[in-house]
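S.K.: Just a sequence and a predicted model for now, questions to come.
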Amino acid sequence: MKNTACVALAAIATLTIGLAGCGGSPTDKLAFSPPKGWTATPAIFGAQVWIKQHQDDNKGDKKDTEIVLLLKVPQNAKTKTDDPFGPGDLGDNKYVRGANVKSVSTVHICGNHSARLFQARDTDAQSKDSATEMLFTTWGADRYLALYSRPHGVAPDPQAEAAIRSVCAKA
């Protein structure tokens, strides 16, 4: 998998410790709108990924990959802060290796519902940069992470940016 998936994989690995026995789709209680035309993976262990691959015009090989990840964060997931969505140490490289968190802010989604938005850059082993946005929110007792990662040189996909902000509870 290309570098754009590195932060997503690190986030999944970090936040899904102790996931055994959990299941279902992370969208079960949400009115989430994934980006249209992207390839969806099966939902497993409360996580689902949507993938958009670009073709290299010269060779026809798959070149760059963008991903959207939705994860229902297990209630037993450990963080270093009492506020799991606060700025705390979530941007520490111990949590997301190779990522440099550029900003953390509170945003409003689904009307006036608060969420935490982290914007980061990471570099893979081939020194390729990617840009990543991670949105954390809660609905009742459920915690969610929505993530969009793309190669740094690729323009943001408006559908993907809208998708991570559509983590809304079903009416």
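M.R.: Great, that's in hand.
S.K.: In contact with residue 30, which residues?
M.R.: 70, 139, 144, 167, 168, 169, 170 (C-beta atoms under 8 Å, 6 or more residues apart in numbering). Quick note: C-beta positions are derived from backbone N, CA and C, even for glycine.
S.K.: try 6 Å
M.R.: With contact set as C-beta atoms under 6 Å, 6 or more residues apart in numbering, residue 30 has no partners.
S.K.: One more: the one 3 residues further on?
M.R.: By C-beta under 6 Å, 6+ apart, the contact list for residue 33 reads 163, 166.
S.K.: so where's the protein shaky on pLDDT?
M.R.: 1-23, 55-63, 75-99, 124-126 (pLDDT under 70).
S.K.: What segments of it are helices?
M.R.: Ranges of helices in the chain, per DSSP state H, are 6-15, 158-164.
S.K.: Who are the packing partners of the shortest one?
M.R.: What that stands for is helix 158-164. In terms of contacts (3 or more C-beta pairs under 6 Å, 6 or more residues apart in numbering; DSSP states H and E), helix 158-164 is packed against strand 142-151.
S.K.: switch the cut-off to 7 Å
M.R.: strand 62-73, strand 142-151 (3 or more C-beta pairs under 7 Å, 6 or more residues apart in numbering; DSSP states H and E).
S.K.: Reformat these as JSON lines; add distance to residue 110 and mean neighbour count.
M.R.: Output for the helices and strands packed on helix 158-164, formatted as JSON lines (distance: least, C-beta to C-beta, whole Å; neighbours: other C-beta atoms under 10 Å):
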{"stretch": "strand 62-73", "distance to residue 110": "14", "mean neighbour count": "22"}
{"stretch": "strand 142-151", "distance to residue 110": "11", "mean neighbour count": "23"}
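S.K.: Adding distance to residue 32, write those out as TSV.
M.R.: What follows is these, written out as TSV (distance: least, C-beta to C-beta, whole Å):
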stretch	distance to residue 32
strand 62-73	6
strand 142-151	8
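S.K.: So which of these is nearest residue 42?
M.R.: strand 62-73 (12.8 Å; C-beta to C-beta).
S.K.: Distance check, residue 28 against residue 170.
M.R.: 9 Å (C-beta to C-beta, to the nearest Å).
S.K.: What of residue 49?
M.R.: Distance from residue 49 to residue 170, by C-beta to C-beta: 21 Å.
S.K.: all strands of the protein, in order?
M.R.: 39-40, 47-55, 62-73, 99-109, 113-123, 129-139, 142-151 (DSSP state E).
S.K.: So which of these is nearest residue 163?
M.R.: The nearest among these, by C-beta to C-beta, is strand 62-73 at 5.2 Å.
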